[in-house]
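>>> What follows is a predicted structure for the sequence shown.
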Amino acid sequence: MGILGGEGFSLPVVTETEVVNVKLNFTEAAIGALRQNMSGDGESHVLVISAQSGGCSGYLYDMKIIEDPGDDGFQRIDIGDFDVLVHNKDSSMLNGINIDFKETLMGGGFQIGNPNADRSCGCGQSFG
């Protein structure tokens with residue numbers, strides 16, 4: 001039937017999200033690892049933490065260092081040498097998260113504990 005018959009596609013569902021003032025908790029180990037990764041670019045670059053759809057529990061954490069977008073859609077958290085941005089759409093899911101950095105025999109990595117998560121997968125990368 002095609003598009004005119006209404007088959008073959010669906011329209012996106014728009015849902016309103018609650019925006020909360022984000023508070024993040026970083027351990028000293030996490031701040032040290034971020035300083036190392038920022039390589040002195042703290043004035044021009046920021047760390048963006050977001051929640052992406054996917055994973056076995058519904059959402060995946062995403063952390064990336066990017067050039068500062070200067071966008072009003074983000075909340076800016078000052079962590080001393082650099083800023084962390086959380087998009088307003090993710091604020092209720094990421095408020096209060098605890099960010100740590102652990103060195104293991106398999107290498108180092110950031111670990112996120114989320115008090116808002118109802119469930120998480122065994123690897124700790126996915127939450128819902």
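Everything's here; your move. Since the model is a prediction, treat every value here as computed from it, not as a measurement.

>>> beta partners for Phe101?
On the basis of DSSP bridges, Phe101 is bridged to Phe110.

>>> State the distance from it to Lys64.
Going from Phe101 to Lys64 by Cβ to Cβ, to the nearest Å gives 16 Å. Every C-beta, even on glycine, is put in place using the N, C-alpha and C of the backbone.

>>> quick one: which of the two has more around it?
A direct count of neighbours by other Cβ atoms under 10 Å for Phe101 and Lys64 places Phe101 higher, at 19 against 10.

>>> Might one say that the more buried one is in contact with Phe110?
Yes: counting by Cβ atoms under 8 Å, Phe110 is a contact partner of Phe101 at 5.4 Å.

>>> what sits in contact with each of the two?
Common contacts of Phe101 and Phe110, defined by Cβ atoms under 8 Å, 6 or more residues apart in numbering, comprise Ala30, Ala33.

>>> pLDDT-wise, which helix or strand of this structure ranks last?
Lowest mean confidence among the helices and strands of the chain (mean pLDDT, DSSP states H and E): strand 126-127, at a mean of 52.

>>> Do you know the pLDDT at Gly54?
Looking at Gly54, its pLDDT stands at 69.

>>> quick one: His45 and Asn21, what's the gap?
Taking Cβ to Cβ as the criterion, His45 is separated from Asn21 by 23 Å.

>>> give me phi/psi at Val86?
Dihedral pair for Val86: phi -130, psi 130, per degrees, to the nearest 10.

>>> and if you look at the one 10 residues further on?
When read as degrees, to the nearest 10, the backbone of Gly96 gives phi 80, psi 10.

>>> What score does it have for pLDDT?
We have a pLDDT of 94 for Gly96.

>>> Tell me which of His45 and Asn21 has more neighbours.
The residue with more neighbours, out of His45 and Asn21, is His45; 18 against 8, by other Cβ under 10 Å.

>>> where are the low-confidence patches of the protein?
Along the chain, the model assigns pLDDT under 70 to residues 1-16, 54-57, 118-128.
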